[in-house]
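Student: 3D, please:
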Amino acid sequence: MKKFIVLALSLALTFGLVACVAEPEEEFHVGGNTVILYLPCPDGTQAFETMEARFNGSITNIALLLVEHGALPQDSELMDLHHRSDGEITLEFTIDMNEAFLQGLLQMGSSGEFAIMGSLVRTFLTHFDADSVIVTVGGAFIETGHNVYDWPLTYDCFG
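Tutor: Residues are numbered from 1 along each chain as shown. Reported below is the predicted structural model:
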């Protein structure tokens, strides 16, 4: 009987821990399987063109689509996403990107940095209908030679 109880508790604990490691961004999904991507205009102006794209429903896939379309540095990945809402409306969220994103950003001039950050921020704000987003790398604020991104970024910051 003791073995049965120990086995039952072990299984319950195991399944409980597996349930706890579900990716938080997968639970936080708004709006079908299409996303409007904001891509830097090829003419070099500080403007963006939009493109509707299909994705597999995974929030991490949105960042990969931006990479695929040249809007984010190669090998950039969304590592985590947290949000704050009033229960119905997403007010603010944090996107944590990987080190490849930061290294690509650091290689850019101010116009390239504007294009990368604007594409990321506008795409996610529009998709989640949020007011602002904080972008971090490894949980730390981003600091480049041009800016320190230690505040909530809005749609209007890039336009």
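Student: helix/strand/coil for the spatially closest residue to residue 155 that is not a sequence neighbour?
Tutor: Of all residues beyond its chain neighbours, the one nearest residue 155 is residue 125 (5.3 Å), with distances taken as C-beta to C-beta, 6 or more residues apart in numbering. For the C-beta atoms, the positions are set from N, CA and C on the backbone; glycine is no exception. Under DSSP: H, G, I helix; E, B strand; the rest coil, the three-state class of residue 125 is helix.
Student: with adjacent residues omitted, what lies nearest to residue 66?
Tutor: Per C-beta to C-beta, 6+ apart, closest to residue 66 is residue 72, 4.4 Å.
Student: list the contacts of the one you found.
Tutor: 63, 66, 101, 104, 116, 119-120 (C-beta atoms under 8 Å, 6 or more residues apart in numbering).
Student: show me those that map onto helices.
Tutor: Judged by DSSP state H, the subset of those located in helices is 63, 66, 101, 104, 116, 119-120.
Student: can you put the residues you listed in JSON lines and add neighbour count?
Tutor: JSON lines is the format used below for these (neighbours: other C-beta atoms under 10 Å):
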{"residue": "63", "neighbour count": "24"}
{"residue": "66", "neighbour count": "24"}
{"residue": "101", "neighbour count": "26"}
{"residue": "104", "neighbour count": "19"}
{"residue": "116", "neighbour count": "21"}
{"residue": "119", "neighbour count": "21"}
{"residue": "120", "neighbour count": "26"}
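Student: tell me where this structure has helices.
Tutor: Ranges of helices within the chain are 2-20, 24-27, 59-68, 99-106, 110-128, based on DSSP H.
Student: go through the ones you listed and find the least confident stretch.
Tutor: Of all these, mean pLDDT reaches its minimum on helix 2-20 (a mean of 38).
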